[in-house]
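Chemist: no sequence for this one, just the structure:
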């Protein structure tokens, strides 16, 4: 049915903002600026975290190595000579080494998940659940790690030392238990292709019900694109019991980690929870409330946060905080994993969404990791690091900011800082690697955020990559890859016990922690970027002790030669005393308020003012700029204030909507003074009138208010994201995204051939990615075809049309370099061995006629397993059904052998085989 548009279309780019200005309300302490306040430091902003993988730290009780199971490693999960299996570490071993952890100055231990795991998943190597992310029982400690009593003893012993204990938790998925009637680990089926259906057979989009108690009833036999099944004996495997209800999972096949399937697909078969359902929200909340109530846990690191819908976090986070507060822990703290590459404004706009919009306290600062690696390991220009810190205001809202974020240099997934240092500096000797490692940790400890040390980094662990290669044991390892680990700053290897308190990195980290303990402003004082060399050289910033009115200047040098800089400060004609690094004990500023420093190559110095920052006589001038939608996130309004003077100041921003009360939306304590206001978090609809104002509070207590600026919440933006090319063989997949996403949105797609009229293709109502297919087989090659998307949503004054994208119909082109038929038939087809992804003898050839990869081979009689490997590697491979990494398909060849055509479809990713002379699917 053609959708009739009741409202006129307007191009998103043409939306104008009407802004009006009102003169300043008051100045210098007047009532109009009384609402100016200090930037908050809520909850925890001053912790030093030590991140531990329980199985890889210390073996305190060898009796639990096999988790109470008997048999070989594929049953017990234990093999101390394999990096893919349990190696023997446990909670008793961790408790026995609290002296070592405390010696680093650690305030908090962060443990990888300790819940009972599926001991072995044969589909994954095989591999064991030593890491803790394949949970079957959320109510007990994994027997390989100990008992619930061992956990109680560990928490008690840590608390006696003033060390908090944080759990790594999972809400996105469980162990791989559910299969499908169509096969295990199948390819993802999108919501636009096969929508969810309620038990009565009515199609619906789950996003329209997320966050409500009115969710449709589901039927496992008919509601999902795949029919979920449980193997005999595993019907009641998971605990609590509600986890065994297969309708509490998305059941859409494997994720590719992009687009819609990033939130709906199974992680390599791991059962993806239907977190939009209220039963799942309530069930997960109760699970973790119990751990807080019964064990006194101090907080959670939350795995795979970006793969769970917003409404879940908006309920889960506040509920856990209320529970902890009722138990007497108002500082209970949660931070989520939002893994993302990059460190620019767009990256921060995405990661900050979970703290500003989703009501969570903090996220792991992945952008910091990228920026710190660029600075300390790659020696990139320091202007990039300055821009990185200036974009910190993406995290500023009314009750949180960037100072809460845990920062890190490497982890158990991506790899260690030591491995990055070696990869980025292939010719460096151990002295240089050690200096760069110490420089990275100095930036980690002295800049804003809460530093996280990944266990073993303090011993110079490196590893040859991420994942299993970055999960060495602290105790003497039997794993060949770990034994060969070339550690930084020592001649020791992974074959030794590595609890060495004299290691230079251990000592440096301990000294940095002690420095910040003596000088708390170096942990959570306001940070102001002061100086950044164009290339490698000096990078300097201030940290402010607001209570004592003191300034610290931190200067780091990422070049290999000594470098100097003249660093601006808030102190006029005052003295600074050196408290870290080498150089003159005392430096002075002049009338220009500049502090001259000289920093050793790959070194750092810290100076603290001996007197208070220069006081002011009156409040600085303040002017609010026109609020506008942020370029990289249309749902965030960029609100910025210009502040005069040279004193330390903080700026409070407020918003009022539709004539209501003024509400604080953030306080910024460093230039540039700005917030990125998430209007969607308060339910403001496009077209709503909003007013903004700002007030400055300087270090001497003077206040001044800006004028008021009024504008409208802009219409949401819709953008065509594909196609990038148009092939005449396949239906073209046309996709669009909406910014920001809201319930009940729908997108209509239109097509125009050449200079013809726009024609409607259809409408998609399934968020978060809107998709339609277009059959272009009737168009000649060389024909230009254009697409656009039209957004309609409740509450918006009119519809919005995207910019058009124009593509030319062309012959299909290969999207990969090579495709290999790989399996136990390769040795029969001319390869040296089986399962060789790079064997040219079983390469397929791309056909520009049909856009498929084909190859014809004579196969002898027998039964074979096979799949396709892409670009001569196992890094990307597709098995039965086209699922990434899935098991191979089965081919049974009759007596006498036969010739077969093997085919791989690059669009569906499905590999297929048919006898010569037969069509696809084997039809002769």
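Modeler: Happy to help now that I have it. Note that the structure is predicted; figures quoted are calculated from it, not measured. Numbers count the residues shown, from 1 in each chain.
Chemist: ranges for the strands of the stretch 551-700 of the chain?
Modeler: 563-568, 575-580, 586-588, 594-599, 604-609, 622-624, 628-630, 633-643, 649-657, 663-668, 673-678, 689-698 (DSSP state E, counting those that start in this stretch).
Chemist: If you could redo that for the stretch 401-550 of the chain, that was the one I meant.
Modeler: 406-407, 450-454, 526-532, 538-545, 550-557.
Chemist: The stretch 1-150 of the chain now?
Modeler: With DSSP E, counting those that start in this stretch as the criterion, the stretch 1-150 of the chain has strands spanning 9-11, 20-22, 49-52, 108-111, 115-117, 120-121, 127-128, 135-141.
Chemist: Would you mind checking the average pLDDT for the longest one?
Modeler: What it means is strand 135-141. The average pLDDT within strand 135-141 is 98.
Chemist: buried set for it?
Modeler: For strand 135-141, a neighbour-count test (16 or more other Cβ atoms under 10 Å) marks 135-138, 141 as buried. Heads up, the C-betas are built off the backbone N, CA and C, glycines and all.
Chemist: and those residues, which two are the farthest apart?
Modeler: 136 and 141 (12.6 Å; Cβ to Cβ).
Chemist: doesn't residue 162 make contact with residue 109?
Modeler: No - in terms of Cβ atoms under 8 Å, residue 109 does not count as a neighbour of residue 162; the distance is 11.7 Å.
Chemist: The two: which is more packed in?
Modeler: It is residue 109, of residue 109 and residue 162, that has more neighbours when counted by other Cβ atoms under 10 Å, with 23 against 10.
Chemist: Any idea what the more buried one is bridged to?
Modeler: residue 50, residue 165 (DSSP bridges).
Chemist: Leaving aside the residues adjacent along the chain, what's closest to residue 910?
Modeler: residue 882 (3.7 Å; Cβ to Cβ, 6 or more residues apart in numbering).
Chemist: now that neighbour: how far from residue 842?
Modeler: The spacing between residue 882 and residue 842, counted by Cβ to Cβ, to the nearest Å, is 19 Å.
Chemist: ok, now residue 105?
Modeler: Residue 105 is 56 Å from residue 842, by Cβ to Cβ.
Chemist: Those two: which is more packed in?
Modeler: In this view residue 105 and residue 842 are compared by other Cβ under 10 Å, and residue 842 has more residues nearby, 25 against 20.
Chemist: Test my guess that that one contacts residue 818.
Modeler: No - contact status for residue 842 versus residue 818: not in contact, 10.4 Å apart, counting by Cβ under 8 Å.
Chemist: What number of residues are in the vicinity of the closest residue to residue 291 other than its chain neighbours?
Modeler: Leaving aside its sequence neighbours, residue 291 sits nearest to residue 297 (Cβ to Cβ, 6+ apart; 5.4 Å). The local packing of residue 297 (other Cβ under 10 Å) involves 23 other residues.
Chemist: residue contacts, residue 297?
Modeler: Residue 297 sits next to 155, 165-167, 291 when contact means Cβ atoms under 8 Å, 6 or more residues apart in numbering.
Chemist: That one should be in a strand, yeah?
Modeler: No - going by DSSP: H, G, I helix; E, B strand; the rest coil, the assignment for residue 297 is coil, not a strand.
Chemist: follow-up on the earlier one: of the strands of the stretch 401-550 of the chain, which approaches residue 370 most closely?
Modeler: Using Cβ to Cβ, the nearest of the strands of the stretch 401-550 of the chain to residue 370 is strand 406-407, at 11.3 Å.
Chemist: Could you provide the contacts of residue 297 in CSV, with additional columns for pLDDT?
Modeler: Below are the contacts of residue 297 laid out as CSV (pLDDT from 0 to 100):
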residue, pLDDT
155, 98
165, 98
166, 98
167, 95
291, 96
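Chemist: Between these, which sits nearest residue 368?
Modeler: residue 166 (18.5 Å).
Chemist: For the stretch 201-350 of the chain, which segments count as strands?
Modeler: Going by DSSP E, counting those that start in this stretch, the stretch 201-350 of the chain shows strands at 203-204, 228-230, 299-302, 333-336.
Chemist: Just to be sure, residue 869 is in a strand?
Modeler: Yes - assigned with three-state DSSP, residue 869 falls within a strand.
Chemist: Specify the beta-bridge partners of it.
Modeler: Bridge pairing for residue 869 - DSSP bridges - gives residue 820, residue 877.
Chemist: In TSV, list the strands of the stretch 401-550 of the chain along with mean neighbour count.
Modeler: Shown next, in TSV, are the strands of the stretch 401-550 of the chain (neighbours: other Cβ atoms under 10 Å):
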stretch	mean neighbour count
strand 406-407	23
strand 450-454	26
strand 526-532	22
strand 538-545	25
strand 550-557	26
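Chemist: Could you dump these into CSV and include mean pLDDT and distance to residue 826?
Modeler: Output for the strands of the stretch 401-550 of the chain, formatted as CSV (pLDDT from 0 to 100; distance: least, Cβ to Cβ, whole Å):
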stretch, mean pLDDT, distance to residue 826
strand 406-407, 98, 47
strand 450-454, 98, 40
strand 526-532, 98, 55
strand 538-545, 98, 53
strand 550-557, 98, 53
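Chemist: Any idea which of those gets closest to residue 622?
Modeler: strand 526-532 (17.2 Å).
Chemist: now the angle between strand 663-668 and that closest one, please.
Modeler: 40 degrees (axes from the mean of the first three to the mean of the last three Cα atoms, to 10 degrees).
Chemist: Need the contact partners of strand 526-532.
Modeler: By Cβ under 8 Å, 6+ apart, strand 526-532 touches 39, 382-383, 385-386, 389-390, 392, 447-448, 538-544, 546, 553, 555, 565-569, 648, 650, 669-671.
Chemist: just the buried members of those residues?
Modeler: By 16+ other Cβ under 10 Å, the contacts of strand 526-532 give 39, 382, 385-386, 389-390, 392, 447-448, 538-544, 546, 553, 555, 565, 567-569, 648, 650, 669-670 as buried.
Chemist: Now do the helices in the stretch 701-850 of the chain.
Modeler: Per DSSP state H, counting those that start in this stretch, the stretch 701-850 of the chain carries no helices over any range.
Chemist: one step back: of all the strands of the stretch 1-150 of the chain, which lies closest to residue 489?
Modeler: Distance to residue 489, taken as Cβ to Cβ, is lowest for strand 49-52 among the strands of the stretch 1-150 of the chain, at 18.3 Å.
Chemist: and the gap between residue 445 and residue 515?
Modeler: Residue 445 is 8 Å from residue 515, by Cβ to Cβ.
Chemist: Of the two, which one has the most company?
Modeler: Higher neighbour count among residue 445 and residue 515: residue 445, with 25 against 18, using other Cβ under 10 Å.
Chemist: that older thread, find residues that contact each of residue 445 and residue 515.
Modeler: With Cβ under 8 Å, 6+ apart, residue 445 and residue 515 have common neighbours residue 522.
Chemist: Pretty sure residue 155 sits against residue 296.
Modeler: Yes - with contact defined as Cβ under 8 Å, residue 155 counts as touching residue 296 (5.8 Å).
Chemist: Among the two, which residue is more densely surrounded?
Modeler: residue 155 (20 against 17).
Chemist: What does the more buried one show for phi and psi?
Modeler: phi -60, psi -40 (degrees, to the nearest 10).
Chemist: Could you pull up the contacting residues of residue 434?
Modeler: Contacts of residue 434 by Cβ under 8 Å, 6+ apart are 460, 488-489, 504-505.
Chemist: And it, how far from residue 504?
Modeler: Distance from residue 434 to residue 504, by Cβ to Cβ: 6 Å.
Chemist: What does the pLDDT read for residue 917?
Modeler: Reported pLDDT for residue 917: 81.
Chemist: How many neighbouring residues does it have?
Modeler: Around residue 917 there are 8 residues (other Cβ under 10 Å).
Chemist: Equivalent analysis for residue 264, please.
Modeler: 24.
Chemist: And it, how far from residue 883?
Modeler: Taken as Cβ to Cβ, the span from residue 264 to residue 883 is 14 Å.
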